[in-house]
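Enquirer: need a structure here:
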Amino acid sequence: MKGRFAPSPTGRMHLGNVFSALLSWLSAKSKGGKWLLRIEDIDPQRSKQQYADQIMRDLEWLGLTWDEGPYYQSERGEIYEEYLESLRKQNLLYLSYKTRAERLAVSAPQEDSPIDSPLTNSPLIPSFPEGQKLLERGEQLQDVSQNSLQKEGAYSSSNSLHPLNILQKENAYSSSNSLHPLNISQKGDTYSSPLSKRGAGGESAEKGLAALALRVANEIIEYTDQHYGPQRIDIKNDIGDFIVRRRDGAWAYQLAVVVDDALMGVTEVVRGRDLLQSAGQQIYLGGLLGFPRMEYAHLPLLCNEAGQRLSKRDKSMDLGQLKEHFSAEEIIGRLAFFAHFIGENEPCKPQELLKAFDWGKVPCEDIMIRG
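Expert: Residues are numbered from 1 along each chain as shown. This is a model prediction of the structure:
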């Protein structure tokens with residue numbers, strides 16, 4: 001089997017990133033498998049090589065060494081083009097002028113979605129009650145509703161271009177490209193030319209170009225998560241149509257991830273539970289491209305004192321700050337304690353946790369961290 005860790009080089013890793021990397025590494029290694037590193041650097045505005053280099057130095061410092069890679073998505077544009085052409089031949093692409101969906105399409109879903117995005121058939125997925133008690137070393141969050149912490153103006157799951165998608169590489173369309181918007185002509189609501197057109201939201205197409213969106217079918221995707229159990233995703237109603245390439249030629253996160261996981265032989269994806277629904281989207285897209293299904297395991301989120309998922313804005317939890325106060329073994333030990341692999345918060349190395357690793361020990365509830 002082969003697992004993977006696929007960070008975006010848009011800043012320093014934080015404790016939540018390390019938690020995902022650690023459990024992904026342990027899951028692969030405990031089964032005698034390999035662990036691949038892929039740098040998802042196709043957001044041209046935010047990705048920087050210096051961040052990619054720092055991520056690799058931090059992983060090595062933590063003892064999370066990889067067997068394959070690093071691969072850079074920014075170098076794989078011709079491969080993505082081939083699979084985009086496959087979707088075009090199936091008459092699944094149309095022109096989109098929804099600029100906000102495009103902006104969100106350059107980020108992985110967890111970077112732009114509220115913590116409690118709609119999740120289908122997942123009773124163990126909590127949001128966060130006001131006044132939740134904090135513990136010094138982290139506390140599981142119990143039995144809460146799905147209506148708190150919604151970001152103002154966030155997309156709902158009924159939006160036809162719900163941003164459960166996408167990271168990309170800047171590579172402008174040329175008029176000779178078979179996938180240039182001017183060369184896509186379909187029936188129904190598909191535009192035959194982007195010139196002088198306006199999208200449903202009333203935004204005019206910038207520079208006379210439009211993004212490419214995938215028209216989804218009325219289909220139910222079911223899969224069993226190794227940690228959260230059975231999942232059921234209504235592709236049309238829960239996700240809807242989504243961007244596969246921006247108008248500036250930047251590649252969509254979902255397209256790049258699905259293609260890379262399949263071609264790199266990844267068999268298991270481990271990541272935060274905020275991507276449970278996105279797995280259904282990726283299974284659906286992989287099916288259109290003829291790829292086999294892989295296994296998924298999603299994790300509880302590490303959250304700050306406000307009940308928000310840790311992000312790169314939480315500077316007190318990034319590795320730059322943490323390394324000033326803790327050793328690599330202390331950080332690994334703290335995360336192992338959160339995952340219930342050890343009974344005490346004590347220093348340890350990743351290799352020392354292999355025998356203790358068990359998905360059945362990992363809590364389903366999110367974990368609140370006190371800075």
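Enquirer: where exactly do the helices run in the stretch 151-300 of the chain?
Expert: For the stretch 151-300 of the chain, the helices defined by DSSP state H, counting those that start in this stretch occupy 253-263, 276-288.
Enquirer: out of those, deepest packed?
Expert: Of the helices of the stretch 151-300 of the chain, the one with the most neighbours on average (mean count of other Cβ atoms under 10 Å) is helix 253-263, at a mean of 24. For glycine as for every other residue, the C-beta is placed from the backbone atoms N, C-alpha and C.
Enquirer: pull the helix or strand with minimum mean pLDDT from this structure.
Expert: Lowest on mean pLDDT, DSSP states H and E among the helices and strands of the chain sits strand 139-140, with a mean of 35.
Enquirer: Wait, a strand at Gly16?
Expert: No - under DSSP: H, G, I helix; E, B strand; the rest coil, Gly16 sits outside any strand and is assigned helix.
Enquirer: Confirm Lys355 sits in a helix?
Expert: No - Lys355 is assigned coil when assessed by three-state DSSP, not a helix.
Enquirer: And it, how far from Leu37?
Expert: 24 Å (Cβ to Cβ, to the nearest Å).
Enquirer: neighbour count winner among these two?
Expert: Leu37 (21 against 9; other Cβ atoms under 10 Å).
Enquirer: For that one, grab phi and psi.
Expert: Main-chain torsions, Leu37, degrees, to the nearest 10: phi -110, psi 130.
Enquirer: quick one: it and Met264, what's the gap?
Expert: For Leu37, the distance to Met264 equals 11 Å [Cβ to Cβ].
Enquirer: In the protein, where is pLDDT below threshold?
Expert: The chain contains residues with pLDDT under 70 at 99-208, 312-316, 371.
Enquirer: ok, 80 please
Expert: 98-209, 305-308, 311-316, 370-371 (pLDDT under 80).
Enquirer: What segments of it are strands?
Expert: Along the chain, the segments classed as strands by DSSP state E run 2-5, 34-39, 68-72, 93-96, 139-140, 211-214, 220-225, 229-234, 242-245, 268-272, 295-299, 302-303, 367-368.
Enquirer: Dump those strands into a markdown table; add distance to Gln49 as well.
Expert: A markdown table is the format used below for the strands of the chain (distance: least, Cβ to Cβ, whole Å):
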| stretch | distance to Gln49 |
| --- | --- |
| strand 2-5 | 18 |
| strand 34-39 | 9 |
| strand 68-72 | 9 |
| strand 93-96 | 31 |
| strand 139-140 | 38 |
| strand 211-214 | 26 |
| strand 220-225 | 34 |
| strand 229-234 | 35 |
| strand 242-245 | 23 |
| strand 268-272 | 23 |
| strand 295-299 | 28 |
| strand 302-303 | 27 |
| strand 367-368 | 32 |
